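Engineer: Coordinates only, no sequence provided:
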DNA sequence: CAGTGAGCGAGCTTCCGCTTGACTT
C-alpha cells in the first residue's frame, strides 16, 4: 500500500508525475479549486471582518470523497499544487476540506514537470504559506464584492441580467475607448510617390520618394519637376543587421499567433491545446512564463543540431516582460523536441507545429542580414528617392519561424537590390504618385484584446478565453461583419515625359472578426464610468495587485485592505441606487408626421428598441432595432420605417400573406411558411404587392418540389432533400448529414433510420447570443 | 454549413479563477 499521497491540480499532470515517483507514491488530482464562495449574498459576512464562508463546489463533492479515502490510507500527504496565489489557496482549502493534520502534511512546489525538479521538491517541503493564501482570499472577496454589488445596480438602472466585474468591465471599456477613437478619426490623405528606375545594366530599382505630399497640386508639381530631371545614385550604404527570435509561447502569445497565423479564435486555440496537453505532447497551456527547463533546453539544442546543424544552436533564457506574471509553470513547449509533427486532427497538427517551431526557434541563432540603402536624387528638385534592400546572409532562426504582425499596413516587400555604384546615372522609367488615406486605429480582435489585457495585468491565462466569451454573451461586444465602403483615390503617373492622372476606387473598412461595442455595451460602460470611474480605470487591477502583494509578503492584513476598499465603494453603490437616473441611452428623434406621435429610441427589456408614442399613451407601439442600427446613429426616417412592418398584403388560398424583416433579413410569410426575399432583387418588404408575393410563394413551392429527392413511404415526414451542400435527410425538424461518398439513392428506410440515430445532434457549441443559460 | 423569423413582459439574474467533462433547450 502506498504511504504517500501527492495532490496536484490537473489529472494529466498527476499521470506524468506518478511515472517519476516510486511505488510508495500515489498521485491524485483536485481538478482545480475545490471550494468557493456559495452563490448567494450571504457568502461574505461583511459586518464580521468580511469573514468568507466556503463551500465544496457541487462538482467537487465526489473528488473530495475520493481524496478522503486516499488520505486515510496514506501516511504523508504532499500538497503539490501550483506555486502561485491560487495554487497556494487550493492547498489550504485541501487542508481544510480534508482535515489534514500538520504533522502528516507537506507542501511542495516545482515550476516544471521534470523528474529532477520533482525529486528536488520532495526533498524541500515546507508548510502552506498563509500570507499567500490571504492574498488570494482578498482577491476572491474583492472580485465577489465588486461583481455582486455592481451587477444589481445595473439590473435596476439599465437592464435585467447584466453584469459588471473588475475584469470584464475594463475589457469592454477597452473596446469602447477604441471605438471612440475610430469615430473621432478624421479622414486625411497624402500622396506617396514611388519611382522605378533602370540601372546602366538595365535592372529595375524601385524607390520610394522620401517626402509625402499633402495635396495633389504639390504631387503634380513634383512630378512635373521630375519630367525634365535626370537622376543619379547619390549615396549607397550597406550595413549588417541582426534579428532575434521571440520567446517561446505563453498562453497569451499562443492565442495571438494562432489567431494571426491559423485564424483560430482564442477559445479554439485553448481547446486544441488542451487536447495536445492531455495527449502528453505539450507542457501546460495556461502559463504566463517564458522560461524553459534545463531539460527542455537540452532537448531543443539536440533537435536543432540534428535538423539544421550546430551553427544554428544558441541557448537563450528569456525574461518575462509582464510584471504581473506568477510563473508557476514553464513556457508552452513540446514535451519531446525530437517530434516535429503530431498526428491528430488537422487543428492539432497545425497548433503543435506552431508550438514546436516557436520553441525551437527561440533556441536558435540570430539571423544575419545585410541592409542596403540607395539614395537617388532628382536634378530639378531637392527631394530624394530611397531604395531599400535586404539580404539574409545567415538564416538562423528564420529557417523555422517568424512572428506574425498585427500591423495591416505592413506591405514593405524587401529583396535584393541590383548592383549599383555611387554616382551611377539612372534612367527614369515611371514615377507614380498615389493618394493614400490614413486608416483609423484598428478594432481589436479577440487575440489583440487578450494582448492588451495582459499588458494591463488584467485577467489570467486561465481566464482570457472565458472573459472574451462573457463580454460577448452579455451582449456588450459583438463581431459585426462589415462589407466596407468604396472610396476614390487619385493616381498621377509620369511615364517618360508624359504625365497622366486618373481616379481609382478601393474598398475600405471591410472587416470580419473584429470586436465592436453594442448599444447595451455603450450604455453600461458610460454608466459605470460615470458612477464607478475608479473601478473602470485601466490600472485598477494593477493597483489592487500591489496591495495583494503586500498581503502576500506578510506586511498587511487582508481584512484591512478589503475594508479600505469596500466602505467608500458601498457608499457609492447605495448613493447610485438611490439617486442615479435610469440609463437607457434614450434619444428622442422627433415626431411622426403621420400620427403626430413622439418617436424615441432606447434600451428596452429585450435590447435596443424604438417607441412610437409617449410612455402614458394607451396605443404606443414598440419595435426592436434591426441589425446594424444603433441608438446613436439611427435617424428618424429609419426609425419610422420600423413601424411600417409587418405588412398584411391580403389573402392567397384563404390564408394571410405578410411581409416583415426578421433576424435573417426580409421575408414573406404564408400558411406558416417563410420565404426569404433575396438580396439584390427589386423586391422590398415595404412595397411588395400581393401578386408578386404570390409569385414568390409559388416559386418557393416549385423549388422545394425540385429539391425533394425522396419521400419514405414508411414515414412521410422523413425525406431526402437536395440542399445547398448536397443531399441530406430531413426527419421532421431535424436534419441529418449523409456521409461523404455515400450515394443517396442507395439509402433505404433502414439505413435512413441508422443515420438519424447516429446523427442525433451533439449539443451546439455556438455561442448563446444575449442569453447565458446556467447549466 | 442545410433551419431560423416574437415578445414590451410578474419575477430572477451577477463576480474571477482553478480544473475537466456534460446533457436536453
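Structural biologist: Yep, that arrived. Values in this document were obtained by computation on a predicted structure and should not be read as measured data.

Engineer: C-alpha from now on. contacts and neighbour counts both.
Structural biologist: OK.

Engineer: I'd like the distance between residue A:448 and DNA strand B.
Structural biologist: According to Cα to the nearest atom of the strand, to the nearest Å, residue A:448 and DNA strand B sit 17 Å apart.

Engineer: ok, that residue - contacts?
Structural biologist: Shown in contact with residue A:448 (Cα atoms under 8 Å, 6 or more residues apart in numbering): residue A:256.

Engineer: Assign it to helix, strand or coil.
Structural biologist: Three-state assignment for residue A:448 (DSSP: H, G, I helix; E, B strand; the rest coil): helix.

Engineer: since we're on residue A:294, how many residues are nearby?
Structural biologist: A total of 11 residues lie near residue A:294 under the criterion other Cα atoms under 10 Å.

Engineer: oh, I was asking about residue A:460
Structural biologist: Counted with other Cα under 10 Å, residue A:460 comes out at 21.

Engineer: for it, what are its contacts?
Structural biologist: Residue A:460 touches residue A:454, counting by Cα under 8 Å, 6+ apart.

Engineer: so how far is DNA strand B from it?
Structural biologist: For residue A:460, the distance to DNA strand B - Cα to the nearest atom of the strand - is 4 Å.

Engineer: swap in residue A:375?
Structural biologist: From residue A:375 to DNA strand B the distance is 52 Å (Cα to the nearest atom of the strand).

Engineer: That residue in helix, strand or coil?
Structural biologist: Taking three-state DSSP, the label given to residue A:375 is strand.

Engineer: ok now do it, which residues does it touch?
Structural biologist: A:233, A:234, A:235, A:236, A:384, A:385, A:386, A:387.

Engineer: same question, residue A:343
Structural biologist: So residue A:343 contacts residue A:349 (Cα under 8 Å, 6+ apart).

Engineer: Next one, pLDDT for it please.
Structural biologist: On pLDDT, residue A:343 comes in at 91.

Engineer: what number of residues lie near the residue in the stretch 251-400 of chain A that DNA strand B sits nearest to?
Structural biologist: With Cα to the nearest atom of the strand as the measure, residue A:286 is the residue of the stretch 251-400 of chain A nearest to DNA strand B, at 6.0 Å. Applying other Cα under 10 Å, we find 23 residues neighbouring residue A:286.

Engineer: Doesn't it lie inside a strand?
Structural biologist: No. Using three-state DSSP, the assignment for residue A:286 is coil, not a strand.

Engineer: So it is in contact with residue A:465, correct?
Structural biologist: No. Residue A:286 lies out of contact with residue A:465 (Cα atoms under 8 Å); the separation is 10.7 Å.

Engineer: quick one: strands adjacent to the helix or strand of chain A with the lowest mean pLDDT?
Structural biologist: None of the helices or strands of chain A scores lower by mean pLDDT, DSSP states H and E than strand A:734-737, at a mean of 73. According to DSSP bridges, strand A:734-737 forms sheet pairs with strand A:726-731 (antiparallel).

Engineer: Confirm for me that residue A:586 is in contact with residue A:599.
Structural biologist: No. The pair residue A:586 and residue A:599 fails to qualify as a contact (Cα under 8 Å) at a distance of 10.6 Å.

Engineer: longest single helix anywhere in chain A?
Structural biologist: When chain A is parsed with DSSP state H, its longest helix is helix A:130-157.

Engineer: Briefly note if stretch A:627-641 comes near DNA strand B.
Structural biologist: No. Residues of stretch A:627-641 are not located near DNA strand B by Cα under 7 Å from any atom of the strand, the shortest gap being 11.4 Å.

Engineer: mean confidence for that stretch?
Structural biologist: On average, stretch A:627-641 scores 86.

Engineer: who touches that stretch?
Structural biologist: A:518-519, A:585-587, A:589-590, A:592, A:599, A:601-602, A:608, A:610, A:625, A:663.

Engineer: run the last query once more with 6 Å
Structural biologist: Stretch A:627-641 has contacts (Cα atoms under 6 Å, 6 or more residues apart in numbering) with residue A:589.

Engineer: Just the endpoints, please. Distance across that stretch?
Structural biologist: 14 Å (Cα to Cα, to the nearest Å).

Engineer: Sort out which residues of it are buried, please.
Structural biologist: For stretch A:627-641, a neighbour-count test (16 or more other Cα atoms under 10 Å) marks A:629, A:630, A:631, A:634, A:636, A:639, A:640 as buried.

Engineer: Please tell me how far that stretch is from the chain's geometric centre.
Structural biologist: Distance, stretch centre to chain centre, for stretch A:627-641: 29 Å (Cα atoms, centre = their mean, to the nearest Å).

Engineer: What pLDDT does the model give the most far-flung residue of chain A relative to its centre?
Structural biologist: Outermost residue of chain A with respect to the C-alpha centroid, by Cα atoms, centre = their mean, is residue A:228; its distance is 53.5 Å. In this model, residue A:228 is scored at 94, pLDDT.

Engineer: for residue A:769, same thing?
Structural biologist: 36.

Engineer: okay, and for chain A, where does confidence drop off?
Structural biologist: Within chain A, the stretches with pLDDT under 70 are A:1-2, A:408-413, A:724-725, A:733, A:758-775.

Engineer: check contacts around the residue positioned nearest the centre of it.
Structural biologist: Nearest to the mean C-alpha position of chain A, by Cα atoms, centre = their mean, lies residue A:446 at 1.6 Å. Listed by Cα under 6 Å, 6+ apart, the contact set of residue A:446 is empty.

Engineer: From residue A:172, how far off is it?
Structural biologist: Applying Cα to Cα to residue A:446 and residue A:172 gives a distance of 12 Å.

Engineer: Relative to DNA strand B, which residue of the stretch 351-500 of chain A is the closest?
Structural biologist: residue A:459 (3.6 Å).

Engineer: any idea whether that residue is helix, strand or coil?
Structural biologist: coil.

Engineer: now do residue A:205
Structural biologist: With three-state DSSP as the criterion, residue A:205 reads strand.

Engineer: With adjacent residues omitted, what lies nearest to it?
Structural biologist: residue A:197 (5.2 Å; Cα to Cα, 6 or more residues apart in numbering).

Engineer: Now residue A:35: closest residue in space, sequence neighbours ignored.
Structural biologist: Per Cα to Cα, 6+ apart, closest to residue A:35 is residue A:56, 4.2 Å.

Engineer: my bad, residue A:731
Structural biologist: Residue A:731 sits nearest to residue A:718 (Cα to Cα, 6+ apart), 4.3 Å away.

Engineer: can you check residue A:642 too?
Structural biologist: Nearest residue to residue A:642, sequence neighbours excluded (Cα to Cα, 6+ apart): residue A:623, at 6.5 Å.

Engineer: hang on, isn't the one you found packed against residue A:608?
Structural biologist: No. Taking contacts as Cα atoms under 6 Å, residue A:623 lies outside contact range of residue A:608: 8.8 Å.

Engineer: neighbour count winner among those two?
Structural biologist: Ranked by neighbour count (other Cα under 10 Å), residue A:623 and residue A:608 place residue A:608 first, with 22 against 17.

Engineer: Let me know the next secondary structure element after the host helix or strand of that one.
Structural biologist: If you go by DSSP states H and E, residue A:608 is part of strand A:607-612. Downstream of strand A:607-612, the first helix or strand assigned by DSSP H and E is strand A:621-624.

Engineer: Tell me the gap between the helix or strand following that following strand and the middle of its chain.
Structural biologist: From strand A:621-624 onward toward the C-terminus, using DSSP H and E, the following helix or strand is helix A:636-642. Its chain's C-alpha centre and that of helix A:636-642 lie 34 Å apart, by Cα atoms, centre = their mean.

Engineer: Check stretch A:168-186 too.
Structural biologist: 16 Å.

Engineer: contacting residues for residue A:210?
Structural biologist: Contacts of residue A:210 by Cα under 6 Å, 6+ apart are A:384, A:385.

Engineer: How about residue A:651?
Structural biologist: Residue A:651 touches residue A:657, counting by Cα under 6 Å, 6+ apart.

Engineer: Is the host helix or strand of it in proximity to DNA strand B?
Structural biologist: Counting by DSSP H and E, the element that carries residue A:651 is strand A:647-652. No. With Cα under 7 Å from any atom of the strand as the measure, strand A:647-652 is seen stopping short of DNA strand B, the closest distance being 12.1 Å.
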